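Colleague: dropping the sequence and predicted coords here.
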Amino acid sequence: MNFSTIKEKLLSAVMIAERLVGKKETLPVLSCVLLEAGDTLSVRATNLEAGVEAVVPGEAKEAGIVAVPATILSQTLRAIAGDKTSLRLEGDNLLVESKGTRTIIKAVPHEEFPVITAPSIKKGVDVARERLLAALQSTTYAASSSMIRPELGSIFLSVENGKVTCVATDSFRLAEKVVADASGGGESDVLIPLKHALELSHILERLPDERVTLFVEDSQVNMRAEGLSYVSRVIDGTFPNYKEIVPKNHTTEATLLKGDFAEVLRKARIFAGAEQRIGFHVYPKKKVFDITAQSPAVGEMSDSLEAALSGEDLDIYFHIGYVADCLPAIQSDSVTLSFSGPGKPLVVRGVSDTSFMYLAMPLNR
Amino acid sequence: MSTRELWQNALVQIELGTSEASFRTWFRGTDIVSRDGGTVVIGAPSKIVKEWLMDKHHKLILGVLRGLDSTIRNVEYTISRTAATTERRPEKTPHAQQNTALDLQALYIDKRDNLNPRYTFETFVVGPFNQLAHAAAKAVLERPGLAYNPLFIYGATGRGKTHLIQAVGNYFKKSHANKKVFYVTSERFAVDYINAVRAGRANNFKDQYRQYDVLIMDDVQFIANTEKTQDELFHLFNALFDNNKQIVFSSDKHPNTLPGLEERLKGRFGAGMIAEIPEPDVESRAAILRAKIEQLGFSIPDDIVGYIAENVRGNIRELEGILNMIVCKSQLKGKVTSQADVKALIKHNIRPNKGLSIEEVVRRIANYYDVAEKSIYEKTRKKEVVKPRQIIMYILREEFNASYPSIGEKLGGRDHTTVIHSCEKIKDEMRRNTVLEQELDHIRSLVHA
């Protein structure tokens, strides 16, 4: 093996791979990255549930393959100065050379390194990277952090008629984001465990590509970009037919500026106390929209907001996080809050933005 | 040896043949998903593990399994349906008790097979009334496609037909990962068929349904009078039946008495096993109530359960309705509902049994037998009149608890011994004559409607 490349390129590939390797793996090779030099250098890592392969361009003199512990390689590369780095084999071990530095990293037998499987379907869905990233970021926070109910600890990703839809719920709130400009691919849906969905969004954030391709299968989901491929296992489960719980009509509606709303919520959080409880008091006839919060330890607040109101009077209480969480996902300047009466979910949407929808359940009295 | 034991034993041997690290990495979370004769299917938690087992450990696994059971010829691999890595950590949502949750529970319907996971055998209450249907369903599970094919379950609304047939589907899905199960209502089937024909995809439709290993069709009575859909069902039935695929039907009536259905379909419905779910008896109703109460996580005193079971008849959905109302009421009031409250609830929400005049009963039954109402009261002893008259007496006695002398008096001044004789005669005949029994069932539903 003899391969030279620019250090930054190699380091960024290794850093993406490093995030995936298992921390306390029983099999030593699973805490390694596999470097395979051919015409280009392929950097691979997996924790058996998810896997990544990054391709680094460079000057290839001799093919070869080696597995080295991921953390050691990344720390080494970070510490090396210089631009051009060459990778060679010294005996069985990896020799990393750069201007004036020479490092030998002890390798691990690579025969046991798992095969990261390629998708078995030919046609994927072509989607704008930023849109897909937005869809993940608009929904991941709403998933449950526990895997006790696997379908709630996952992101539901569905592909249909050129639309990619991401949905997540922890049964107290639900977020849905639709990406409309995807092309190709049939109809399919999968449940991606939250952990792997977050990893996918982390990778998407760092890619330079305009568009990426998604391959959605029964057993795994695969995202491919120029020079990078990420695959994650999916959960076999049924995502609730959430469209049924979205209220069709509303009894009270308020439209207000997102900035104002976020500002008041930020203040309300201070006074919401350990219960994190805030009250919405909507009186359309009197043209009043108040947000209140109180806690015995801190004090209390009551702020009025300017809003366009309609419908019936309503007092309703929410967990502040469940309302505030969705605001970063809303692009438009104003938001619409649609209430359906006490004990019924609140629907939050951006004005003139149909791609995002958020549901929050109120607190019991 | 069960598949579980088989795999446990195999794992012990595999562990000896591989390094500890590799064993723990690759064999943790694996299981035998199903076994079909000489082929064993092993489930792995992810695709990566599956491919690894296939590439690197296939020889070892096959060798070990064969050593344990010489009939095993082949090992296949699949990705396990059950999530193998479920963590057992309590949910850390402090507001879980306070915050109302979205009602997702009712919405878990698998799009691939339309089955609702709520309906399982574990939640199905077996009583004397549905024992036969339950046993037939169990037999089907043991030898799918061979024991009773098709299985036809019928009974009036709210008796648990859908629960039972969906439980069959859910059980298959769990025990045979590679078998395709599909649940469809006949109405849905008809709509799908019409849409497929309209879109020119009739062949797709045929292929789609012919691929299933277990087809469950609910409420077949709804495709009555639909010529083309019945044709399609007939061909589908033959295709599945010839390949020993299990078919399960449900309907509200016995296939022979289903109106608007072609004879050849009726014949095929009756070819396997027909099981009725009749009206539940009091004990079963009480058992069903107790099971529901447990599911709701609520407690209701036994005497109230007994009272509801005795007074709410027939429809299990009505039982559920009453129970939900009681639970809701007592949560609202914060105390356990008293028997008097329950009585009031039942009175307001259940269609009354009584309040039907004797004349009305006579009229309905005379109508059913197509005899003149007047002739029942007359002294005539024509055969066509005698039988309905006796049945009227029997029904008045059994269903409405009228006294013998009063029945006699109302029906044209007969002696009470005549009435006693009539009732005994019908009872006796019912034991020997199943047709009469069915007639009485219909009459009962007529007078209670």
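Modeller: Structure received.

Colleague: contacts only, for residue A:352.
Modeller: residue A:332 (C-beta atoms under 8 Å, 6 or more residues apart in numbering or on different chains). C-betas here are computed from N, CA, C, even on glycine.

Colleague: how close does it sit to residue A:289?
Modeller: Separation of residue A:352 from residue A:289 (C-beta to C-beta, to the nearest Å): 20 Å.

Colleague: and if you look at residue B:377?
Modeller: From residue B:377 to residue A:289 the distance is 74 Å (C-beta to C-beta).

Colleague: same question for residue A:252.
Modeller: Taken as C-beta to C-beta, the span from residue A:252 to residue A:289 is 10 Å.

Colleague: where does pLDDT dip in the stretch 51-200 of chain B?
Modeller: Along the stretch 51-200 of chain B, segments meeting pLDDT under 70 span B:81-98, B:103-108.

Colleague: pLDDT at residue A:250, what is it?
Modeller: Note for residue A:250: predicted pLDDT of 91.

Colleague: is the residue lying closest to it once chain neighbours are set aside in a helix, a strand, or coil?
Modeller: Nearest residue to residue A:250 in three dimensions, chain neighbours excluded: residue A:338, at 3.8 Å (C-beta to C-beta, 6 or more residues apart in numbering or on different chains). On the three-state scheme (DSSP: H, G, I helix; E, B strand; the rest coil), residue A:338 is labelled strand.

Colleague: OK, contacts around residue A:338?
Modeller: Here residue A:338 is in contact with A:247, A:250, A:252-253, A:346-349 (C-beta under 8 Å, 6+ apart).

Colleague: would you turn those residues into a markdown table with secondary structure?
Modeller: Shown next, in a markdown table, are the contacts of residue A:338 (three-state DSSP):
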| residue | secondary structure |
| --- | --- |
| A:247 | coil |
| A:250 | coil |
| A:252 | strand |
| A:253 | strand |
| A:346 | strand |
| A:347 | strand |
| A:348 | strand |
| A:349 | strand |
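
Colleague: could you look up the SS state of the single nearest residue of the stretch 251-400 of chain B relative to chain A?
Modeller: Nearest to chain A in the stretch 251-400 of chain B, going by C-beta to the nearest C-beta, is residue B:331, at a distance of 11.6 Å. What three-state DSSP gives for residue B:331 is helix.

Colleague: roughly how far apart are it and residue B:325?
Modeller: Using C-beta to C-beta, one gets 11 Å for the distance from residue B:331 to residue B:325.

Colleague: about what we covered before: can you get me a residue count around the residue of the stretch 251-400 of chain B closest to chain A?
Modeller: 11 (other C-beta atoms under 10 Å in any protein chain shown).

Colleague: same question, residue A:262
Modeller: If you count neighbours by other C-beta under 10 Å, residue A:262 ends up with 14.

Colleague: let's verify residue 146: helix, strand, or coil?
Modeller: I went with chain A, as the question did not name one. Using three-state DSSP, the structure places residue A:146 in coil.

Colleague: neighbours of it, how many?
Modeller: Residue A:146 is flanked by 19 other residues according to other C-beta under 10 Å.

Colleague: rewinding a little: of residue B:377 and residue A:289, which one has the most company?
Modeller: Neighbours were counted for residue B:377 and for residue A:289 using other C-beta under 10 Å; residue A:289 has more, 24 against 17.

Colleague: could you say which helix or strand holds the more buried one?
Modeller: Applying DSSP states H and E as the criterion places residue A:289 in strand A:288-295.

Colleague: how many degrees apart are the helix or strand that comes right after that strand and strand A:288-295 in direction?
Modeller: As assigned by DSSP H and E, the chain's next helix or strand after strand A:288-295 is strand A:299-304. Interaxial angle, strand A:299-304 versus strand A:288-295 (axes from the mean of the first three to the mean of the last three C-alpha atoms, to 10 degrees): 170 degrees.

Colleague: may I have the helix or strand that strand A:299-304 is followed by exported as CSV, CA atoms only?
Modeller: Next helix or strand after strand A:299-304 toward the C-terminus (DSSP H and E): strand A:308-311. Provided in CSV are the C-alpha atoms of strand A:308-311 (Å, rounded to 0.1, in the frame of the first residue of the first chain):
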residue,chain,number,x,y,z
ALA,A,308,-55.0,37.9,14.9
LEU,A,309,-57.6,35.7,16.7
SER,A,310,-60.7,33.9,15.8
GLY,A,311,-63.0,31.3,17.3
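
Colleague: mind giving me the packing neighbours of the strand or helix carrying residue B:424?
Modeller: Following DSSP H and E, the helix or strand that holds residue B:424 is helix B:416-432. The contact analysis (3 or more C-beta pairs under 8 Å, 6 or more residues apart in numbering or on different chains; DSSP states H and E) places helix B:416-432 against helix B:383-400, helix B:404-410, helix B:434-448.

Colleague: any chance of the ones you listed in CSV, with distance to residue B:290, mean neighbour count and mean pLDDT too?
Modeller: CSV is the format used below for these (distance: least, C-beta to C-beta, whole Å; neighbours: other C-beta atoms under 10 Å in any protein chain shown; pLDDT from 0 to 100):
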stretch, distance to residue B:290, mean neighbour count, mean pLDDT
helix B:383-400, 27, 19, 86
helix B:404-410, 37, 18, 87
helix B:434-448, 25, 14, 80
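
Colleague: ok, back up a step: what's the PyMOL line that selects buried ones from the contacts of residue A:338?
Modeller: Entered in PyMOL, the line below selects the buried ones among the contacts of residue A:338, by 16 or more other C-beta atoms under 10 Å in any protein chain shown:
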select buried, chain A and resi 250+252+253+346+347+348+349
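
Colleague: what is the nearest of the contacts of residue A:338 to residue A:45?
Modeller: Nearest to residue A:45 among those: residue A:348, at 38.4 Å, using C-beta to C-beta.

Colleague: does the closest one really touch residue A:326, like I thought?
Modeller: Yes. Counting by C-beta atoms under 8 Å, residue A:348 touches residue A:326, with 5.5 Å between them.

Colleague: list residues touching both of those two?
Modeller: Common neighbours of residue A:348 and residue A:326 are listed as A:358, A:360 (criterion: C-beta under 8 Å, 6+ apart).

Colleague: how close does the nearest residue to residue A:344 once chain neighbours are set aside sit to chain B?
Modeller: Among residues not flanking residue A:344 along the chain, residue A:247 sits closest, at 6.2 Å (C-beta to C-beta, 6+ apart). Distance, residue A:247 to chain B, by C-beta to the nearest C-beta, to the nearest Å: 11 Å.

Colleague: need the per-residue pLDDT for residue A:247.
Modeller: With respect to pLDDT, residue A:247 has a value of 89.

Colleague: separation between it and residue A:156?
Modeller: 20 Å.

Colleague: please apply the same query to residue B:182.
Modeller: Distance of residue B:182 to residue A:156, computed by C-beta to C-beta: 22 Å.

Colleague: show me the contacts for residue B:192.
Modeller: B:184, B:205.

Colleague: what helix or strand is it on?
Modeller: helix B:186-198.

Colleague: then that helix to PDB, C-alphas only?
Modeller: Taking Å, rounded to 0.1, in the frame of the first residue of the first chain, the C-alpha atoms of helix B:186-198 are listed here in PDB:
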ATOM      1  CA  SER B 186     -64.700  -7.600   1.500                       C
ATOM      2  CA  GLU B 187     -65.800  -4.100   0.900                       C
ATOM      3  CA  ARG B 188     -62.200  -3.000   0.600                       C
ATOM      4  CA  PHE B 189     -61.600  -5.900  -1.700                       C
ATOM      5  CA  ALA B 190     -64.400  -4.800  -4.000                       C
ATOM      6  CA  VAL B 191     -63.300  -1.200  -4.100                       C
ATOM      7  CA  ASP B 192     -59.700  -2.200  -4.800                       C
ATOM      8  CA  TYR B 193     -60.900  -4.500  -7.600                       C
ATOM      9  CA  ILE B 194     -63.100  -1.800  -9.200                       C
ATOM     10  CA  ASN B 195     -60.200   0.700  -9.000                       C
ATOM     11  CA  ALA B 196     -57.800  -1.800 -10.500                       C
ATOM     12  CA  VAL B 197     -60.100  -2.600 -13.400                       C
ATOM     13  CA  ARG B 198     -60.800   1.100 -14.000                       C
END
